[in-house]
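J.: Return a 3D structure for these sequence lines:
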Amino acid sequence: KTYPTPFHLNDEKGIRENGERLMRAFSWNKGFREYFAVKATPNPFVIDILKKLGCGVDCSSLTELMMAKAMKYDGEKIMFSSNVTPEQDMRKAVELGAYINLDDATHVDLLARTAEKMPETVCLRYNPGGSFSLGNTIMDMPRDAKYGMTEDQMAGAILRLAKMGVQHFGIHALLASNAVSNEYYPELASNLFRLAVRLRNATGCHIAFVNLSGGVGVDY
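T.: Numbers count the residues shown, from 1 in each chain. Purely as a prediction, here's the structure:
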């Protein structure tokens, strides 16, 4: 009766309480940071609540990067992960000093073309191939996905980037979407941390962080 439809009603108290619970749950890890996916709720008022809790932002487009900039995000508080990325999007991510997550091996050349100076840290997206099933059939067949690099491609990309001046590397993967099992994140973490060791041994380069991706705590 008060507000015309359609409208969104956001529970600020609930958002804040859940954010605080998340931060407490990972407080044992001093290097932990939550990156909220802007595309999930591109509402600056909601994002501001999370910013005050210490969350970064995960951006996938120029518009989302512009929103992050308007909200005074920069540097490692921004994770930029994009598919079929236009040069202007990549250029904006470099300008903001964001962590850039390269979606495929060709993005090494894209980054080199658009960055006057290569970032100190670059992230790479992993695709192990095969299948990855924990009870659903939504985006759980990595072999059919166009996203990410094989392990050999990642090692090659890391060596190329290191020659260009990149000093530190992150790794990222999204192996299943809408995962309803509590087993997903431990399994994903196990795969990525083992991969980090193998890439370190294969390249001699510093693997600085692991990005577990997806929606931690989403009650599907």
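J.: in this structure, what spans have low per-residue confidence?
T.: Counting by pLDDT under 70, the chain contains low-confidence ranges at 130-146, 178-179, 216-220.
J.: Show me the helices in it, by range?
T.: Ranges of helices in the chain, per DSSP state H, are 12-25, 44-52, 62-70, 87-96, 107-114, 151-163, 184-203.
J.: Please save the CA atoms from the second one in PDB.
T.: If I follow you right, that is helix 44-52. Extracted in PDB, the C-alpha atoms of helix 44-52 (Å, rounded to 0.1, in the frame of the first residue of the first chain):
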ATOM      1  CA  PRO A  44      25.500   0.900  -4.000                       C
ATOM      2  CA  PHE A  45      23.600   1.100  -0.700                       C
ATOM      3  CA  VAL A  46      23.900  -2.700  -0.200                       C
ATOM      4  CA  ILE A  47      27.500  -2.700  -1.300                       C
ATOM      5  CA  ASP A  48      28.300   0.100   1.100                       C
ATOM      6  CA  ILE A  49      27.000  -2.000   4.000                       C
ATOM      7  CA  LEU A  50      29.400  -4.700   2.900                       C
ATOM      8  CA  LYS A  51      32.300  -2.300   2.400                       C
ATOM      9  CA  LYS A  52      32.100  -1.200   6.000                       C
END
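J.: re earlier: I'd like the helices of the chain laid out as TSV, including distance to Tyr126.
T.: C-beta: built from backbone N, CA, C; applies to glycine. Below are the helices of the chain laid out as TSV (distance: least, C-beta to C-beta, whole Å):
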stretch	distance to Tyr126
helix 12-25	24
helix 44-52	26
helix 62-70	23
helix 87-96	20
helix 107-114	13
helix 151-163	6
helix 184-203	6
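J.: Tyr185 against Ser213, yeah?
T.: No. Under the criterion of C-beta atoms under 8 Å, Tyr185 is not in contact with Ser213, lying 9.7 Å apart.
J.: When these two are compared, which one has more neighbours?
T.: Using other C-beta atoms under 10 Å as the criterion, Tyr185 and Ser213 rank with Ser213 on top: 21 against 15.
J.: Next up, the contacts around that one.
T.: 81, 172-174, 188 (C-beta atoms under 8 Å, 6 or more residues apart in numbering).
J.: can you rerun that using 6 Å?
T.: Residues in contact with Ser213 (C-beta atoms under 6 Å, 6 or more residues apart in numbering) are 172, 174.
J.: go on, Arg91?
T.: Counting by C-beta under 6 Å, 6+ apart, Arg91 touches Thr114.
J.: at 8 Å what do you get?
T.: By C-beta under 8 Å, 6+ apart, the contact set of Arg91 is 114-115.
J.: cool, and Leu199?
T.: So Leu199 contacts 151, 154-155, 158, 169, 171, 205, 207 (C-beta under 8 Å, 6+ apart).
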